[in-house]
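In: sequence below, structure please.
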Amino acid sequence: YYTDENQTNNITRLFGNGVPALGNSMWGQMFDSETEDNGCYYADVSWAGFYYLFGIFSTCALLILLIKAMMKKKKANKRYLTYWFAFMILYGIAAGPFVYFYQIFNLMIGLYLVYTPDEDSNSNIKLQ
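Out: Residues are numbered from 1 along each chain as shown. Here you go, the predicted structure:
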């Protein structure tokens, strides 16, 4: 439904429809009444919901970012992040971790832990 039927035109397939202001705008009220009638919520189909809201460019960019974070070489004490990102990608199929606003914090913490330089590397500038 969100990948094909509910798309308004071909441009929204590329760039997305945006997040509706439920109850505050005309489109938000229309979207809210349609989802109530259908019983199909974009959070229930996470990747398809993310595609509907933000388009194919953002969906591919997010997937590439998660795969790169999962494949990045890590030390032994950070190896759990590989499994966590694999979990997030698969969890995105079953639930809505990418469309809930409060899940962004969890994703950003994971990305921070992956891409933070190690303490023993020479990339940190020491003040004298």
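
In: now the residue nearest the centre of the chain, what's its secondary structure?
Out: With distances taken as CA atoms, centre = their mean, the residue of the chain nearest its centroid is residue 98 (3.4 Å). Secondary structure for residue 98, judged by DSSP: H, G, I helix; E, B strand; the rest coil, is coil.

In: what sits up against the helix or strand hosting residue 30?
Out: When secondary structure is defined by DSSP states H and E, residue 30 falls within helix 26-38. Applying CB atoms under 8 Å, 6 or more residues apart in numbering, the external contacts of helix 26-38 come out as 1, 6, 20, 21, 22, 23, 41, 42. Placement of C-beta: from N, CA and C, glycine included.

In: which parts of that helix are buried?
Out: For helix 26-38, the neighbour count (16 or more other CB atoms under 10 Å) marks 31, 35 as buried.

In: hmm, back to that, roughly how far does the residue nearest to the centre of the chain sit from residue 82?
Out: As defined by CB to CB, to the nearest Å, residue 98 lies at a distance of 19 Å from residue 82.
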